[in-house]
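S.K.: Take this sequence and fold it.
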Amino acid sequence: MPSISVIVPVYQAEKFLHRCLDSVARQTFPDWELILVDDGSTDGSAALCDKFAARESRARVFHRKKNQGVSEARNLGINESRGDYITFLDADDCYEFQALETLWNLREQSGADAAACGITYLWPDGKQSVQAQLPAGVYGEAEIREKLIDPLVGDRLTQPVFNGYSVCYLFSTDIIRKNHITFDGPYLEDELFVLEYFCNAHSLAATDQPLYRYFLHGESATHHYMDNFSQVFSRFMERKEALVARYGLESARPQWRESSNWAGLLIAVGNEYARDNPKSIRQRQKAVKAFCQRPEMQKAIRELVPAGLSPNKQMVANLVRKRHFFTLTQLYRLKNRI
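M.R.: You can find the predicted model right below:
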């Protein structure tokens with residue numbers, strides 16, 4: 001049985017998949033299996049997966065006739081995995097060649113339930129930035145609660161936001177399966193998976209080395225208009241509410257709902273003004289106004305004044321609070337050239 005299962009959801013990733021697969025094949029740590037979940041791709045992704053698996057005995061491919069989304073693809077990968085530990089890699093990203101070895105040794109030497117690394121963000125114009133998930137060290141339950149769980153629950157506005165990216169962790173398969181931890185939904189799915197996992201973990205070993213290369217480009221799902229974001233966010237909040245209640249997380253962040261709803265509101269505004277949204281400008285403005293008028297959003301706007309946001313988001317928040325929706329629309333028209 002392999003030590004590590006690397007799970008890669010694949011959908012319309014033909015342009016980037018070579019880089020991703022090459023980064024796994026060239027890992028300095030040899031004891032891995034690669035699970036490729038072709039999620040109904042209609043480009044050349046499926047053929048590339050099959051071609052790689054034909055020459056690499058450690059790779060397995062699962063094909064789906066219809067696209068079911070990244071969460072279901074990852075869940076299938078979890079169910080099919082044979083490794084003692086699991087990592088997640090997106091098809092348009094890649095690992096540094098020593099990533100798996102570093103994470104494995106970090107966890108082995110510390111005896112921790114998980115390992116974490118930093119991320120290098122790469123833009124199309126060549127710009128790069130590095131972000132460590134956590135300072136290097138070994139974290140016990142109290143430190144995990146303080147440094148990871150509580151920020152994921154309620155610190156969704158103050159910069160820098162602690163991102164619950166699943167791709168920069170090495171997870172215990174045993175903890176995932178014993179606690180029936182799964183992904184859910186097309187967006188924000190990482191945050192709740194990571195939150196629930198660490199509510200059940202006892203220790204975490206972290207390195208600040210950036211072992212994961214995250215490519216930002218216009219074809220990413222997060223850069224496209226999501227017509228059902230309102231429903232997606234409602235489902236996200238339902239699941240988060242259940243996790244907060246189950247693990248008793250409210251006391252440390254009593255305003256977690258307001259913080260989370262403000263974060264969702266800011267995402268919703270950006271989503272409505274995405275370039276590929278087919279709505280007219282007037283329809284977009286109406287949709288933003290309607291989202292802000294939802295009772296839970298009204299409560300967040302009334303009871304929590306965002307502070308410490310990035311300058312652009314702070315401006316958006318200020319305009320929302322003052323109900324200056326026309327001005328907000330005009331700013332986005334200029335910014336996104338719509």
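S.K.: Can you give me the buried ones in the lengthiest helix in the chain?
M.R.: Ranked by number of residues, the top helix in the chain under DSSP state H is helix 229-247. Neighbour-count burial for helix 229-247 flags Phe229, Ser230, Val232, Phe233, Arg235, Phe236, Met237, Arg239, Lys240, Leu243, Val244, Tyr247 (criterion: 16 or more other Cβ atoms under 10 Å). Glycine gets a C-beta too; all of them are placed from N, C-alpha and C.
S.K.: Taking helix 229-247 as reference, get the angle to the helix or strand following it.
M.R.: For helix 229-247, the succeeding helix or strand toward the C-terminus, using DSSP states H and E, is helix 256-272. Angle, helix 256-272 to helix 229-247, by axes from the mean of the first three to the mean of the last three Cα atoms, to 10 degrees: 160 degrees.
S.K.: elements contacting helix 256-272?
M.R.: helix 150-154, helix 229-247, helix 281-292, helix 295-303, helix 311-321 (3 or more Cβ pairs under 8 Å, 6 or more residues apart in numbering; DSSP states H and E).
S.K.: Export these as TSV, with columns for distance to Ser129 and mean pLDDT.
M.R.: Shown next, in TSV, are the helices and strands packed on helix 256-272 (distance: least, Cβ to Cβ, whole Å; pLDDT from 0 to 100):
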stretch	distance to Ser129	mean pLDDT
helix 150-154	20	96
helix 229-247	27	96
helix 281-292	30	97
helix 295-303	30	98
helix 311-321	17	96
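S.K.: List just the one of those that sits closest to Ser166.
M.R.: helix 150-154 (11.8 Å; Cβ to Cβ).
S.K.: Across the sheet, point out what pairs with the spatially closest residue to Gln131 that is not a sequence neighbour.
M.R.: Spatially, and ignoring its direct neighbours in sequence, Gln131 is nearest to Ile119 (5.3 Å; Cβ to Cβ, 6 or more residues apart in numbering). Applying DSSP bridges to Ile119 gives these bridge partners: Gln131, Tyr212.
S.K.: Tell me how many other residues surround Ile119.
M.R.: 20 (other Cβ atoms under 10 Å).
S.K.: The nearest residue to Arg82 once chain neighbours are set aside and Glu33: what is the separation?
M.R.: Leaving aside its sequence neighbours, Arg82 sits nearest to Met1 (Cβ to Cβ, 6+ apart; 5.2 Å). Met1 sits 9 Å away from Glu33, going by Cβ to Cβ, to the nearest Å.
S.K.: hmm, who's touching the helix or strand hosting Glu108?
M.R.: Using DSSP H and E, Glu108 sits in helix 99-110. Helix 99-110 is contacted from outside by 3-4, 6, 23, 27-29, 32, 85, 87, 112-117, 138, 170, 203, 205-207, 209, 211-212, using Cβ atoms under 8 Å, 6 or more residues apart in numbering.
S.K.: Make a ChimeraX selection of the buried ones in those residues.
M.R.: Only the buried entries of the contacts of helix 99-110 go into this ChimeraX selection, using 16+ other Cβ under 10 Å:
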select :3,4,6,23,27,29,32,85,87,112,113,114,115,116,117,138,170,203,205,206,207,209,211,212
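S.K.: Report the inter-axis angle for the host helix or strand of Phe193 versus helix 229-247.
M.R.: Per DSSP H and E: Phe193 is located in helix 189-199. Per the same axes, to 10 degrees, the angle that helix 189-199 makes with helix 229-247 is 0 degrees.
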